[in-house]
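**Q** here is a sequence together with a model predicted from it:
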Amino acid sequence: MNDNAAMRWTALLIVSVTMMFAYFFTDIMAPLESILTASAENGGHAWTSDEYGFFSGSYGFFNVFLLLLFFGGIVLDKFGIRITGILSTTLMFIGALIKWYAVSRTFEGELMGYQMQVILACVGFATYGVGAEMAGITVTKVIAKWFNGYELALAMGVQVALARIGTAVTMSFSLPLAKQFGGVSSNIALGAALLCIGVISFVVYCVMDRKFDKSLNQSAADDTEESFKFSHLALLLGNKGFWYITVLCVMFYSGVFPFIKFATKIMVIKFGADDFTAGLIPSMLSYGTIFLTPLFGLIYDRIGKGATLMLIGSILLTLVHVVFAIPGITNVVIAIAMMVILGIAFGLVPSAMWPSVPKIIPMHLLGTAYAVIFYIQNIGLSMVPIAIGKINQANTNVEGIIDYTQTMSTFASFGIISIIISFLLLREDKKKGYGLEKPNITK
């Protein structure tokens, strides 16, 4: 069934819609930091920079501290795509509803030094995060299942590109929409509605997936899922190439996603942009990857050089954050140029990194492999925003102006580590012959 191009691309489109809505919701509050930190008298929620950083990091709390993402990967390999997909999309929707309830009401008291509204919003975001990350590894395995031996990197690039549309739209329009239509809660309600559509989309995919399995003379899950055994985990955890990809993932993404959470306010304070432009500039990152990620994926499919693409992307990431860290650079044109370069980096690394995992890890461990990568990535996505929030708080003067030099230097350090790991991965590929530098399409 997957030898039919129309069928496999239709399956990709359906699951990509679910992830597009997920990415829309993930960053829907990123441009709203100025509203969340404004006083109640000025229509805000009176959050501190520390509280906003804590909230931004809460996305991965349950995944990291309760190991839910790791177990989600095992569930995926053990019980299959359909069960895991429905579970994950439902969790996203439930988490969105909790988050909407939190921001649409006021609450008395504090917990751990944070307002109760912040705590409840974190619970919702963390619940959503469990579903979103589990959905991410499920969709990745869906693509590997349908496109193995075909346009794997291109397919993953298209999925990422569609997801980036969700990020781009929310970064561009979340702040103007919140100011025009009832504040933060209205944005969350919109995101929850889209996630509900995402659940329905995945149910539609499940019908296709069942037919695909039947076409292989199987009734439930494919043979790779049935062959999973816990004893196989030693093969995964002892693979050096796998760990290089994992560390590269957490370092690179820690230099991108947490930065996006704070980028809008950075554009306002450091570069003097107005509210709309401040949200539009970070959104350029996502708009660029919409085109670049499939392009680089196509290059990887037909030419190869996956490890090299990851190295180039890491170098560009470092360059961008070093420039942003220089105190004297406050020209908005330079900020735009750096976002364009960051968009290129953000297209290069994911387009090569995710299709490289099936070259290193066998299919029956693929769900668990992606889960471990996403789990460790979530450690970074949880801890880095919290740390950045505290760094920003410590560098805020009495007038509320933040010096972002230390913040951007921290992001630059993630890029430097990414460069080192990329070199090590390139060397490991030459030693083990994973084929990361070879094309994905088999002739």
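**A** Sure thing, it's come through.

**Q** any regions of the protein where pLDDT drops low?
**A** For the chain, the stretches flagged by pLDDT under 70 are 1-2, 216-232, 442-443.

**Q** just the strands in the stretch 51-200 of the chain please.
**A** Shown for the stretch 51-200 of the chain, the strands assigned by DSSP state E, counting those that start in this stretch span residues 110-111, 114-115.

**Q** need the residues that contact the first one.
**A** Contacts with strand 110-111, where a contact means Cβ atoms under 8 Å, 6 or more residues apart in numbering, come from Met116, Ile119. C-beta: built from backbone N, CA, C; applies to glycine.

**Q** centre of the chain to that strand, how far?
**A** Computed by Cα atoms, centre = their mean, to the nearest Å, the chain-centroid distance of strand 110-111 equals 29 Å.

**Q** going forward, the N-terminal residue is numbered 42.
**A** Will do, 42 is the new start, and the previous item becomes strand 151-152.

**Q** how far off centre is stretch 218-227?
**A** Relative to the chain's own centre, stretch 218-227 is displaced by 24 Å; criterion: Cα atoms, centre = their mean.

**Q** oh, I was asking about stretch 220-233
**A** From the chain centre to the centre of stretch 220-233 is a distance of 22 Å (Cα atoms, centre = their mean).

**Q** also stretch 185-195?
**A** 21 Å.

**Q** contacting residues for the most centrally placed residue in the chain?
**A** Geometric centre of the chain, nearest residue: Phe298, 6.8 Å, by Cα atoms, centre = their mean. Remark: with contacts taken as Cβ under 8 Å, 6+ apart, Phe298 is in contact with Leu422.

**Q** so what's Gly421 up against?
**A** Gly421 neighbours (Cβ under 8 Å, 6+ apart): Val291, Met292, Tyr294, Ser295, Pro299.

**Q** what about 6 Å?
**A** Gly421 makes contact with Val291, Ser295 under the criterion Cβ atoms under 6 Å, 6 or more residues apart in numbering.

**Q** how close does it get to Leu276?
**A** Using Cβ to Cβ, to the nearest Å, Gly421 is found at 25 Å from Leu276.

**Q** and Glu478, by the same measure?
**A** The gap separating Glu478 from Leu276 is 23 Å, by Cβ to Cβ.

**Q** neighbour-wise, which of those two wins?
**A** Shown here are Glu478 and Leu276; by other Cβ atoms under 10 Å, Glu478 has more neighbours (17 against 14).

**Q** skipping its backbone neighbours, what lies nearest the more buried one in space?
**A** Gly345 (5.0 Å; Cβ to Cβ, 6 or more residues apart in numbering).

**Q** what is the neighbour count of the residue nearest to Phe365 when sequence neighbours are not counted?
**A** Sequence neighbours aside, Met449 is the residue nearest to Phe365 in space, at 4.3 Å (criterion: Cβ to Cβ, 6+ apart). Using other Cβ under 10 Å, Met449 is surrounded by 24 other residues.

**Q** where does Met449 fall, secondary structure wise?
**A** Using DSSP states H and E, Met449 falls within helix 446-473.

**Q** list the helices and strands that helix packs on?
**A** Packing partners of helix 446-473 (3 or more Cβ pairs under 6 Å, 6 or more residues apart in numbering; DSSP states H and E): helix 281-295, helix 347-366, helix 407-435.

**Q** tell me the buried residues in that helix?
**A** 448-449, 451-460, 462-463, 465-467, 469-470 (16 or more other Cβ atoms under 10 Å).
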